[in-house]
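> One predicted model, sequence on top.
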Amino acid sequence: MNTKKVIQSSFRILWRNKLRTFFMTLGIIIGGLALLLSMSMGEGGKKAMMDTVKKTFGANSILLASGGGGMMGGGYSKYPLKIEDVEYIEANIDNIKIWDPVVSTNGDIVFEGNNTEVTVYGHSERGAEVWNRGVSKGEYITSEDMESSARVALVGSRIVERLFDGADPIGSQIRINNIPFTVKGILADEGVDAHGLDRDEDIYVPVTTMQRRVLNSDNIAFAQIIAEDADHIPLTVEEITEIMREQHALTADEEDDFSIITTVQVEQMIDSMNKTFSVFLPLVALIAIAVGGIVIAVLMLTSLKERRHEIGLRKAVGASSQNIFHQFLWESVTIALVGAIIAIVLAVILITIASRMMPLVVSPLSIVLSIVIPVVVGIVAGVVPARKAAKLDPIENLT
């Protein structure tokens, strides 16, 4: 029996037993769909976070945070970080181009009868250049605002919708923690960041105003420093570390009470987090595909009893044991392949819909794997039933 006849016969048998074929295919569909969706979520999440890092930080960025203990500080702190620390660093390191101090607090924002609670950030007049975010309308914080600790604010577009019903807010007076501020600009849209925070709900005020009028403290949470030359960042980090330890009078056996983060470190952290995410979820999907393979094997073995007469008849008219083996194996592979194709079609539809709400990326590798893995599982699942079918005695099964 030639290959064409084997394939045709396999399709006829699978079509004749639609319900059994459906259940054998279902496991592969679910597993393949889970594999594609999980890999798309992993790739999409990584891309979104990397895009945010590149947009917010840039290759020349160095983040100096108050408190030791790693990413964004928050741990041990002998002395809090102050603007004077960063000014001293700028005066003593040649590779510093520009920097911006940042302090934040939760703020209860009120305008007429509307109110909301959001995060309020204190920035300097250099914030627009340092963080790559200016205003879409109005004016950014100025050096005069900084010097006078002016009660002016920049609001995100979500704040405009929420408090002002979409009307032009510039010149209006809002209250932040019961302190009056005049809106002088609307921040450029930035969307949701890697932490899931909607940055269009931000409010910026001069950092000096935040310190003197809102928090009554001259501390800062962190400062973003832009280096002149990205190639010299490792050396610059060493110099900043040395200066900060000297400024904070840290002894040799004391840990840093500050944290320094570079873009490379952030990207490495994201990559590490993504590896965990992109290994665990696909593993669950692979288990689902494996279960689908077991279902195929069990149902094909179960069907041997009702197909004994068919197998005996085919052998009686000239089909070899190898022909029977190939037919059963082809049936198993066909089920897996059809399931994989259906899974891809469903995944593309779901990803197209869901990508409007979350970052999803379908990579060529995920498509290849979603076909190759089910086919391999189908081959493995079909070997035992195919061997058992090939060994059946035609005389015994025709009687």
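It's in. Numbering: from 1, shown residues only.

> C-alpha only now, for contacts and for neighbours.
Will do.

> Distance of I233 relative to Q247?
Remark: distance between I233 and Q247 (C-alpha to C-alpha, to the nearest Å) = 20 Å.

> Now do the helices in the stretch 1-150 of the chain.
For the stretch 1-150 of the chain, the helices defined by DSSP state H, counting those that start in this stretch cover 3-16, 18-56, 83-92, 127-130, 143-148.

> how does the protein divide up, domain by domain?
Following the assignment in automatic domain parsing, the chain carries domains at 3-52+273-398, 78-256.

> Confidence-wise, which of these is weakest overall?
Ranked by mean pLDDT, the domains of the chain bottom out at domain 3-52+273-398, which scores a mean of 74.

> ok so, going back, out of I233 and Q247, which sits in the busier spot?
The neighbour count for I233 versus Q247, taken as other C-alpha atoms under 10 Å, is higher for I233 (20 against 14).

> quick one, phi psi at that one?
Dihedral angles of I233 (phi, psi; degrees, to the nearest 10) stand at phi -60, psi -40.

> OK, contacts around it?
By C-alpha atoms under 8 Å, 6 or more residues apart in numbering, I233 lies in contact with 60, 62, 227.

> Among those, which one sits closest to R162?
Nearest to R162, judged by C-alpha to C-alpha, of those is I62 at 34.3 Å.

> What's the separation between the closest one and I96?
Taken as C-alpha to C-alpha, the span from I62 to I96 is 10 Å.

> I89 now?
8 Å.

> Could you do E246 as well?
Applying C-alpha to C-alpha to E246 and I96 gives a distance of 18 Å.

> neighbour count winner among these two?
Comparing E246 with I96 by other C-alpha under 10 Å, the one with more neighbours is I96, at 20 against 11.

> Going by neighbour count, list what's buried in the helix or strand containing V376.
V376 is part of helix 364-391, with elements assigned from DSSP states H and E. For helix 364-391, the neighbour count (16 or more other C-alpha atoms under 10 Å) marks 366-367, 370-371, 373-375, 377-387, 389-390 as buried.

> cool, stretch 88-108 as well?
89-90, 95-96, 98-104, 107-108.

> Same check on stretch 132-139?
Using 16+ other C-alpha under 10 Å as the test for burial, stretch 132-139 gives 133-135, 139.

> Turn the residues you listed into CSV, including distance to I342.
As requested, the buried residues of stretch 132-139 are exported to CSV (distance: C-alpha to C-alpha, whole Å):
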residue, distance to I342
R133, 44
G134, 47
V135, 47
E139, 54
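
> ok, and for stretch 144-156, which residues are buried?
Quick answer for stretch 144-156 (16+ other C-alpha under 10 Å): 145-146, 149-156.

> Tell me the confidence at the residue nearest to A230 when sequence neighbours are not counted?
The spatially closest residue to A230, leaving aside those adjacent along the chain, is N60, at 4.8 Å (C-alpha to C-alpha, 6 or more residues apart in numbering). Looking at N60, its pLDDT reads 88.

> doesn't P234 make contact with N60?
No: at 10.8 Å, N60 does not count as touching P234 under the criterion of C-alpha atoms under 8 Å.

> any idea which element the residue lying closest to A381 once chain neighbours are set aside lies in?
Once flanking residues are discounted, A381 sits nearest to A297: 4.9 Å by C-alpha to C-alpha, 6+ apart. Assigning secondary structure by DSSP H and E places A297 in helix 263-303.

> For the buried residues of stretch 132-139, which two are the farthest from each other?
R133 and E139 (12.3 Å).

> What segments of the stretch 151-300 of the chain are helices?
Assigned by DSSP H, counting those that start in this stretch, the stretch 151-300 of the chain shows helices spanning 157-164, 207-209, 233-247, 263-303.

> which residues does the closest residue to I225 other than its chain neighbours contact?
Excluding the flanking residues, the one nearest I225 by C-alpha to C-alpha, 6+ apart is W99, at 4.3 Å. Applying C-alpha under 8 Å, 6+ apart, we find W99 in contact with 126-127, 130, 223-226.
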